[in-house]
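J.: coordinates only, sequence not included:
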């Protein structure tokens, strides 16, 4: 397939085709983020759907944080994939990870809310 017909063009329209192993590794990382997103969404829904002994307002807030991160993670994963693929095609250094902070802070906040909600219940 010609690079003019591949999406996104700002990724495929630059550099040269790399060794397929590098592109496939980048794709596997993207798919790992998608699995993480699904787990965050499922955890948020389960937290609110199950009758857990957690103070209701804090349980809802934690579920909301998890679902929000679960919705944002695929967008950030796609941006990270595109930046990585572009760097691979240009034979330049890979960009620094951009979504780790959001994931770490979000999961810590949600966990903290559940912990406080358990104590308050």
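T.: Yep, it's here. Quantities reported herein were computed from a predicted structural model and do not represent experimental measurements.
J.: what's residue 84 in contact with, if anything?
T.: Going by C-beta atoms under 8 Å, 6 or more residues apart in numbering, residue 84 touches 26, 29, 94-95. Every residue, glycine included, has its C-beta placed from N, CA and C.
J.: Pull up the per-residue confidence for it.
T.: For residue 84, the pLDDT comes out at 95.
J.: What of residue 76?
T.: 95.
J.: Run the chain-centre distance for the helix or strand it falls within.
T.: Here residue 76, judged by DSSP states H and E, is contained in helix 56-89. Relative to its parent chain, helix 56-89 has a centroid offset of 4 Å by C-alpha atoms, centre = their mean, to the nearest Å.
J.: what does stretch 40-48 give?
T.: Worked out by C-alpha atoms, centre = their mean, stretch 40-48 lies 15 Å from the chain centre.
J.: Strands along the chain, start to end?
T.: Per DSSP state E, the chain carries no strands over any range.
J.: which ones are touching the most centrally placed residue in the chain?
T.: By C-alpha atoms, centre = their mean, the chain has its centre lying nearest to residue 73, at 2.7 Å. For residue 73, the contacting residues are 33-34, 36-37, 40, 99, 102-103, by C-beta under 8 Å, 6+ apart.
J.: shaky segments in this protein?
T.: Low-confidence segments of the chain (pLDDT under 70): 1-4.
J.: quick one on the thing from earlier: what is the nearest of the contacts of residue 84 to residue 107?
T.: residue 29 (18.6 Å; C-beta to C-beta).
J.: Buried residues of the helix holding residue 76, list them for me.
T.: For helix 56-89, the neighbour count (16 or more other C-beta atoms under 10 Å) marks 58-63, 65-70, 72-74, 76-77, 80-89 as buried.
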